[in-house]
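Student: Next one to model:
(2 chains)
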Amino acid sequence: MTVASVLLALLGSTWLLAVIEGWMTTGRLSPAAPLFSGLAHLGRESILPRSPDRVFFEAAPVLLLVVGVLGMAVLPLAPDLIIADLGTGALFINAALAYVLVAVIMAGWGPDGAYAMIGGWRFLGQLIAYSMLIVMPITAVAMRAESLLNTAIVGSQAGLWNIVYQPLGFVLFFIAAMALAFRAPFDLPTAEGELGGGVDAEYTGVRLAVLRLARLTLVVTLASATTVFYLGGWHGPLLPPWAWSLVKTLAVAVSMLLVGHYLPRIREADLMRWCWILGIPLALVNIIVVGLLILVVP
Amino acid sequence: MTLLEQYRLLLALAIGVVGSVFCLYSLARAIGLTRQEPGKDVPASSGALSRDPVWGRYHARYYGYGLLFLAFDMEMAFMYPWAVVYKEVGLVALLDMGVFLAILFLGLLYGWSQGAFRRQ
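Tutor: This is a model prediction of the structure:
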């Protein structure tokens, strides 16, 4: 029952996000478009490049989808609406998200195409830039909750949400989450303009449909993680807890799409430089500030 | 739910996702097969075929970052257990980790001064 509800929420949010993404790019609001697009992909040919690494090529989209679903499985929508409330939940989501890198490099390596391979290796550099900014802000969140249980993390925000308690951490996590989901200003591995689609380029038909579904699922999972870690999860007046979680998750996901819509793509060298000379010192400052706040304000 | 049951559930979920994707692939296969035609399976490379496989060696121009990343990534392994007991242990925990983080931060500054944050 819980599993079905969470998966349904995930699928529904993904569908809604696809509709909104279509609305932003084409200017038409058509709720059935993702469904028709998916069906059309089913009917199209799914071409295999001429000398692929078959295992990597087939595994990449599936692995990306598995990562999105497993990440969502440890995030609570309501106090009892969580698939697996792991004792190491905040750490598990890091471990699951590390496989995004593996999936993207496999998608780059698999088809034996130059552009795809460049996209794959680029994402390795991108990981070195964003990954500390995912991990360090979560540490500060765990410090306040005194637990790695994701339900305890939401519980610790009953009085004051973490976005107010540690706004610096929120900003860093939000940016890093966008880089992790390779959304627009950080879409270096796909980069339509320079790499002709990069890691997406060789995927067609049903494989492309799964890859696109996986990418949007990842955005929903990361938005849900942002909600759990910073926006107080299910807390809120009037509406039932699960509704608050969904509303906040969708708001974060849409804001990720919107930010990406208005910013130009950043260069890989610039991304790494800014993340290391500005982002990581700020993340350390965030940990120290939160540490002092916990000790000073009981 | 015990820990083992939770991990069993997560494993079942992963297998379920793989299974449903496999069903989708089978469905697509049942609708129609890919017609084999010459030139269709060329990877996108602006029309020019590369002579060799692209699985060669690449110059990692960010290796300075890479080395620093290793140090920071190791440090994070210690940060999580520390974060959980932080409030309980109090000021001592902050000072302990403060020294540790200060050394790492000095390493970052040193790396910066040596040009680690440049594409080489």
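Student: What is the neighbour count of the closest residue to chain B within chain A?
Tutor: Residue nearest to chain B within chain A (C-beta to the nearest C-beta): A:G113, separated by 3.0 Å. Backbone N, C-alpha and C define where each C-beta goes, glycine included. Residues lying near A:G113 (other C-beta atoms under 10 Å in any protein chain shown) number 28.
Student: how much space between it and B:V42?
Tutor: Plainly put, A:G113 is 9 Å away from B:V42 if you go by C-beta to C-beta, to the nearest Å.
Student: who touches both of those two?
Tutor: Shared contacts of A:G113 and B:V42, defined by C-beta atoms under 8 Å, 6 or more residues apart in numbering or on different chains, comprise A:P49.
Student: for the residue in chain B that chain A sits nearest to, what are its contacts?
Tutor: Distances between chain B and chain A by C-beta to the nearest C-beta are smallest at B:P43, namely 3.0 Å. B:P43 sits next to A:P49, A:R50, A:P111, A:D112, A:G113, A:A114, A:Y115, A:A116, A:A201, A:E202 when contact means C-beta under 8 Å, 6+ apart.
Student: So which of these wins on neighbours?
Tutor: Within the contacts of B:P43, A:A116 tops the neighbour count with 31 neighbours, counted by other C-beta under 10 Å.
Student: Now residue 69. Nearest residue, chain neighbours left out?
Tutor: With no chain named, the answer covers chain A. B:V17 (5.2 Å; C-beta to C-beta, 6 or more residues apart in numbering or on different chains).
Student: look at chain B instead
Tutor: Going by C-beta to C-beta, 6+ apart, B:F69 has A:I128 as its nearest residue, at 4.8 Å.
Student: Assumed that neighbour was part of a helix.
Tutor: Yes. The assignment for A:I128 by DSSP: H, G, I helix; E, B strand; the rest coil puts it in a helix.
Student: so who does it touch?
Tutor: Per C-beta under 8 Å, 6+ apart, neighbours of A:I128: A:M272, B:Y62, B:Y65, B:G66, B:F69.
Student: Please enumerate the helices of the stretch 101-250 of chain A.
Tutor: Here the stretch 101-250 of chain A has its helices, by DSSP state H, counting those that start in this stretch, at A:114-145, A:150-155, A:162-165, A:167-180, A:192-195, A:205-230, A:241-262.
Student: What residues of the last one count as buried?
Tutor: Yep, that's helix A:241-262 we're talking about. Neighbour-count burial for helix A:241-262, with 16 or more other C-beta atoms under 10 Å in any protein chain shown as criterion, is recorded at A:241-242, A:244-246, A:248-250, A:252-254, A:256-257, A:260.
Student: Excluding chain neighbours, give the residue nearest to residue 115 in space.
Tutor: No chain in the question, so chain A it is. The nearest residue in space to A:Y115 (C-beta to C-beta, 6+ apart) is A:L195, at 4.5 Å.
Student: not what I meant, chain B
Tutor: Nearest one to B:G115, counting by C-beta to C-beta, 6+ apart, is B:G64 at 7.1 Å.
Student: Can you give me the distance of that neighbour to B:L70?
Tutor: 11 Å.
Student: More neighbours: which of the two?
Tutor: More crowded of B:G64 and B:L70, by other C-beta under 10 Å: B:G64, with 20 against 11.
Student: For that one, pull up the helix or strand it's in.
Tutor: Taking DSSP states H and E as the criterion, B:G64 maps to helix B:63-89.
Student: Residues touching the next helix or strand after that helix, excluding its own?
Tutor: Later in the chain than helix B:63-89, the nearest helix or strand by DSSP H and E is helix B:91-113. Applying C-beta under 8 Å, 6+ apart, the set of residues contacting helix B:91-113 from outside is A:276-277, A:280-281, A:284, A:287-288, A:291-292, A:295, B:64, B:67-68, B:71-72, B:75, B:78-79, B:82, B:85-86, B:117.
Student: Buried ones from these, can you make that a PyMOL selection?
Tutor: Buried residues within these, by 16+ other C-beta under 10 Å, are selected in PyMOL with:
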select buried, (chain A and resi 276+280+284+287+291) or (chain B and resi 64+68+72+75+79+82+86+117)
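Student: ok, and the closest non-adjacent residue to the residue nearest the centre of chain A?
Tutor: For chain A, A:L222 is the residue whose C-alpha lies nearest the centre (C-alpha atoms, centre = their mean; 3.4 Å). With sequence-adjacent residues excluded and distances taken as C-beta to C-beta, 6+ apart, A:L222 is closest to A:A177, at 4.3 Å.
Student: need the contact list for that neighbour.
Tutor: A:I134, A:L222, A:A223, A:A225, A:T226, A:M256.
Student: could I get the residues you listed as TSV with pLDDT?
Tutor: Output for the contacts of A:A177, formatted as TSV (pLDDT from 0 to 100):
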residue	pLDDT
A:I134	93
A:L222	95
A:A223	95
A:A225	95
A:T226	94
A:M256	92
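Student: Now render the residues you listed as CSV, adding distance to A:R28.
Tutor: Listed next are the contacts of A:A177 as CSV, based on distance: C-beta to C-beta, whole Å:
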residue, distance to A:R28
A:I134, 35
A:L222, 27
A:A223, 24
A:A225, 31
A:T226, 29
A:M256, 21
